[in-house]
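A.B. asks: could you look at this predicted model? Sequence included:
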Amino acid sequence: METTHLYQSLTFLAYATGVIVIIVGVMLVKVLFDLSKLAKNVDETATIIKTELVPTLQNINKSVEIVSGIIIKADEGVNRVREMIKNSPLNILSKVSSVTGTVAKGFFGGLCSAFKIFSRK
């Protein structure tokens, strides 16, 4: 009687193992199918990104060139204005104001010293 139970148990184990192997095989096929779909989607996405990215990068390059040209022109204009100010009488007046400021300091310093000397006596 024990051998019949043993044979029945082994038969059940064989059927259960067969069912589990079939289930694992089906799941493995499903995973491979999903991976195949994922690879196709990634390829399509990469193609779309490539076709959209190239014109976008070209537009960015053109924009950078335009902005760079504007900056260069603005810098040239600022340099021209600086040169005009250097060569204009305004530059001379700014130097005169610094010289008169120094002279005024000396004058007022001397005046204060004179007051101090006269106030001691």
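C.D. replies: On my side now, so go ahead. On a predicted model such as this, the values are computed, not experimentally measured, just so you know. Numbering: from 1, shown residues only.

A.B. asks: low-confidence ranges, this structure, go.
C.D. replies: Applying pLDDT under 70 to the chain picks out residues 1, 88-105, 107-108, 111, 120-121.

A.B. asks: for it, what spans make up the helices?
C.D. replies: Along the chain, the segments classed as helices by DSSP state H run 2-87, 89-120.

A.B. asks: can you name every helix or strand that the longest one contacts?
C.D. replies: Yep, that's helix 2-87 we're talking about. On a contact count with 3 or more Cβ pairs under 8 Å, 6 or more residues apart in numbering; DSSP states H and E, helix 2-87 meets no helix or strand. Quick note: C-beta positions are derived from backbone N, CA and C, even for glycine.

A.B. asks: Lys37: neighbour count?
C.D. replies: By other Cβ atoms under 10 Å, 10 other residues sit near Lys37.

A.B. asks: also Val26?
C.D. replies: So Val26, with other Cβ under 10 Å, has 10 neighbours.
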